[in-house]
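J.: Sharing a sequence plus its predicted fold:
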Amino acid sequence: MIKVFLVLLVFSFLPTSFVKAQQLNVMFLNPGHPSDNPTGHFWPNVNYFMQEAADDLNINLKTIYANRNHILMKSFAKDVIENKPDFAVIVNEKGVATSLVNKITAQKIKVFMLLNDLTNEELNALTPEQREYYAGSLIPNNFDAGFTLAEQLHQSINFSNSDSQSKVNILALHGDETSPASIARAEGLQSFITDNRNINLIDSTVANWSKQQAYEKVSGILKHQKIDIIWAANDAMACGATSAVINAGKADSMLIGGINWDDDIPLGRLSVSVGGHVTLGAYAMVLLKEQWLRVSKAKRVKHSIFQHSNVEAYETFMTALKQKRFHRCDFTQFLSNHTKAQTFSIENLICH
């Protein structure tokens, strides 16, 4: 009893820096906004899942937000270097990652890529020493997301159309021209179009992930084009397109879908949404904890997480997200050395 008391006494007088050193420290450079914004709820929700997992895994998580400003994002290397975390989590949007990785790894701080990885060319350009501090990546299969969204929309319009051989006019709204996720989703869409000869891509434009920009662009295109399907690379743009279609009085003749599973969208507002990847920040916490514990090594992971909103789990998941009930989930169960280790999936995340 006396020994236990002495141990507790010693720990109570340890400096904060020592206690912090015993905890995994992670810094997340979030490219989005911390709350409601024109690009949707995706990035605030990414952070929500990361924090829930960090709490369960005893990880000290600090997040800074770029508010969709890639110039500001580049300056975050200074913040990381000042904080000296064990890992910096970076999203490769609009090509900013290379500069960040170069500066951060030069200070012997490990970097982990989330949702948008370095390209193979960017990775190969790293020096051997930089490569030592590249802690891997976690991305979803964005090609599949783009393909699945087009497939679900196409199936829906064929189901309601007596002449399945007639041409189907698709308008595509892309996020940007440089992010790996945006490029891969566009490639998925193009693959589906190539496989289906009755599809006519009448226009393809970038709306910068923005609800307002999508609204403005679709409003203009509707004045001179007949559209059957609007394919959007995220839900915010899909919602902007929906508003434009409603204002034009054409809501009954069009199917609109997006990607993200944003929780601020009323049920039925979109014809279909593809998502699930909003949870991957939580899985990143699991992978980093395993590296820190030396249970696993750095690796590039492409995780099959995407599902469409017509699956049974969708409504249950979205209800839990809106009510912020994922604190009920034990994220330690996704550690590979857990006694009852589970696969990281939408179904296993739903805790009633």
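T.: Now that the structure is in, tell me what you want to look at. Numbers count the residues shown, from 1 in each chain.
J.: So which residues of the stretch 51-200 of the chain form helices?
T.: 70-74, 76-83, 97-105, 120-124, 128-132, 142-159, 180-195 (DSSP state H, counting those that start in this stretch).
J.: One more: the stretch 201-350 of the chain?
T.: Counting by DSSP H, counting those that start in this stretch, the helices of the stretch 201-350 of the chain are 211-222, 235-247, 280-292, 313-322, 346-349.
J.: Including mean neighbour count and mean pLDDT, could the helices of the stretch 51-200 of the chain go into a markdown table?
T.: Yep, even glycine has a C-beta here, placed from its N, CA and C like the rest. What follows is the helices of the stretch 51-200 of the chain, written out as a markdown table (neighbours: other CB atoms under 10 Å; pLDDT from 0 to 100):
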| stretch | mean neighbour count | mean pLDDT |
| --- | --- | --- |
| helix 70-74 | 16 | 89 |
| helix 76-83 | 16 | 96 |
| helix 97-105 | 20 | 95 |
| helix 120-124 | 12 | 93 |
| helix 128-132 | 12 | 94 |
| helix 142-159 | 21 | 90 |
| helix 180-195 | 20 | 97 |
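J.: would a markdown table of the helices of the stretch 201-350 of the chain with mean pLDDT be doable?
T.: Formatted as a markdown table, the helices of the stretch 201-350 of the chain follow (pLDDT from 0 to 100):
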| stretch | mean pLDDT |
| --- | --- |
| helix 211-222 | 97 |
| helix 235-247 | 96 |
| helix 280-292 | 98 |
| helix 313-322 | 93 |
| helix 346-349 | 95 |
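J.: For Pro31, find the nearest of the ones you listed.
T.: helix 280-292 (12.2 Å; CB to CB).
J.: circling back: list just the one of the helices of the stretch 201-350 of the chain that sits closest to Asp228.
T.: It is, among those and with distance given as CB to CB, helix 235-247, at 11.3 Å.
J.: roughly how far out does the closest one sit from the chain middle?
T.: Offset of helix 235-247 from its chain centre (CA atoms, centre = their mean, to the nearest Å): 21 Å.
J.: next one: stretch 214-229
T.: 27 Å.
J.: First-to-last residue distance for that stretch?
T.: The first and last residues of stretch 214-229 sit 14 Å apart, counting by CA to CA, to the nearest Å.
J.: From here on, call the first residue 743.
T.: In the new count, where the first residue is 743, that last one comes out as stretch 956-971.
J.: which of the residues in it are buried?
T.: By neighbour count on 16 or more other CB atoms under 10 Å, the buried set for stretch 956-971 is 956-957, 959-961, 963-964, 969-971.
J.: Determine how far the last residue of stretch 867-878 lies from the first.
T.: First-to-last distance for stretch 867-878 - CA to CA - comes to 15 Å.
J.: Residues touching it, excluding its own?
T.: With contacts defined as CB atoms under 8 Å, 6 or more residues apart in numbering, stretch 867-878 is touched by 829, 840, 843-844, 846-848, 850-855, 860, 865, 1029-1030, 1033, 1040-1043.
J.: Number of residues surrounding the residue nearest to Leu799 when sequence neighbours are not counted?
T.: Nearest non-adjacent residue to Leu799, counting by CB to CB, 6 or more residues apart in numbering: Lys1031, 4.8 Å away. Lys1031 has 24 neighbouring residues, counting by other CB atoms under 10 Å.
J.: Having no further points to raise, I will conclude here.
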